[in-house]
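Asks: please work out how this folds:
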Amino acid sequence: MSSSPVAPSRSKALRAAALAVLATTAAAFMAPAAHADYLWLQREGAQARAYSGELARRSAALPALKAPRATLADGKDLPLAPQAGHIDITAPEGQDLRLTTSVVGDKGALTFYQARHGRNETRAANDLELVPTTPGGNTFKLVWKGQAVAASQVNVDTSAGWQRTLAPAKDGTVSLETPFPGLYVLEVTARVNGATTVDGTKYEDVRHTATLSFEVAR
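Replies: Numbering: from 1, shown residues only. Alright, predicted model coming up:
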């Protein structure tokens with residue numbers, strides 16, 4: 001039986017349709033959002049802590065976080081202990097660490113916080129995540145539900161007081177130099193276009209804030 005002469009065209013059309021869907025999804029997600037407080041991780045050996053606010057201005061008290069969960073890349077849950085102004089997490093050394101949670105703001109906005117510490121792994125585990133293109137590297141791609149998307153900007157805070165705003169390159173990645181020792185926190189916030197229903201409650205204003213933190217040796 002001879003093959004259909006329209007099969008190649010149909011295949012191209014399907015690929016084009018799939019790419020259009022991905023582009024639409026990314027565009028719907030990547031609506032700009034104003035810079036806001038974020039949640040980040042920092043650690044000393046097997047002890048890690050999650051803080052909120054900004055690196056230079058920690059919040060004295062955590063917001064009303066919903067179901068915080070700390071995990072390794074394989075999805076293994078880690079013990080955590082919420083405190084007044086931070087969350088204590090026990091995690092093995094040498095592995096990247098993640099914490100996910102959400103909070104409803106005073107004006108009814110739902111924010112999903114997705115924090116990662118470490119830049120050894122080159123794949124994403126959270127819905128929104130900044131991922132190094134090489135282990136330990138200084139170039140990062142933004143991944144939304146498994147697909148690379150271009151960030152409008154990425155904010156950088158450091159424990160040395162050095163701050164930068166990174167713009168994406170043509171391929172959508174962002175790069176930075178690390179001239180100062182200490183903690184670096186990369187942050188990106190975006191708004192989802194469209195309502196989301198969680199636990200029976202509909203939210204019209206939905207945002208995702210992702211951070212990637214790592215230490216540069218002294």
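Asks: for this structure, where's the lowest mean pLDDT among helices and strands?
Replies: Every helix and strand in the chain was compared by mean pLDDT, DSSP states H and E; the lowest is helix 7-29, with a mean of 39.
Asks: I figured residue 58 was touching residue 52, is that so?
Replies: Yes - taking contacts as CB atoms under 8 Å, residue 58 lies within contact range of residue 52: 7.3 Å. Quick note: C-beta positions are derived from backbone N, CA and C, even for glycine.
Asks: neighbour count: the two, which is higher?
Replies: residue 52 (22 against 15; other CB atoms under 10 Å).
Asks: so what's the more buried one bridging to?
Replies: residue 39 (DSSP bridges).
Asks: shaky segments in this protein?
Replies: Scanning the chain for pLDDT under 70 picks out the ranges 1-36.
Asks: not counting its neighbours along the chain, what's nearest residue 143?
Replies: Distances taken as CB to CB, 6 or more residues apart in numbering put residue 124 closest to residue 143, at 4.0 Å, once the chain neighbours are dropped.
Asks: residues in contact with the one you found?
Replies: 131, 143, 146 (CB atoms under 8 Å, 6 or more residues apart in numbering).
Asks: take the residues you listed and keep only those in strands.
Replies: Residues of these located in strands (DSSP state E): 131, 143.
Asks: okay, the contacts of residue 124 in CSV with neighbour count next?
Replies: Listed next are the contacts of residue 124 as CSV, based on neighbours: other CB atoms under 10 Å:
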residue, neighbour count
131, 20
143, 19
146, 8
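Asks: and of the contacts of residue 124, the nearest to residue 181?
Replies: residue 131 (23.2 Å; CB to CB).
Asks: so what's the closest one bridging to?
Replies: The partner residues for residue 131, given DSSP bridges, come to residue 141.
Asks: these two touch, right, it and residue 139?
Replies: No - the criterion here is CB under 8 Å, and residue 131 misses it with residue 139 at 10.0 Å.
Asks: what sits closest to residue 169 if chain neighbours are left out?
Replies: Nearest one to residue 169, counting by CB to CB, 6+ apart, is residue 175 at 7.1 Å.
Asks: bridging residues for that neighbour?
Replies: Going by DSSP bridges, residue 175 is paired in beta bridges with residue 139.
Asks: next one: residue 189
Replies: residue 209.
Asks: now swap in residue 90 and tell me
Replies: Where residue 90 sits in a bridge, its partners, by DSSP bridges, are residue 47.
Asks: how near is it to residue 80?
Replies: Note on residue 90: its distance to residue 80, by CB to CB, to the nearest Å, is 8 Å.
Asks: and for residue 100?
Replies: Taken as CB to CB, the span from residue 100 to residue 80 is 11 Å.
Asks: where do the contact lists of those two overlap?
Replies: The contact lists of residue 100 and residue 80 share 68, 69, where a contact means CB under 8 Å, 6+ apart.
Asks: wait, a strand at residue 202?
Replies: Yes - Residue 202: assigned to a strand according to DSSP: H, G, I helix; E, B strand; the rest coil.
Asks: unless I'm mixing things up, it is touching residue 194, no?
Replies: No - look at residue 202 against residue 194 with CB under 8 Å: they stay out of range, at 10.8 Å.
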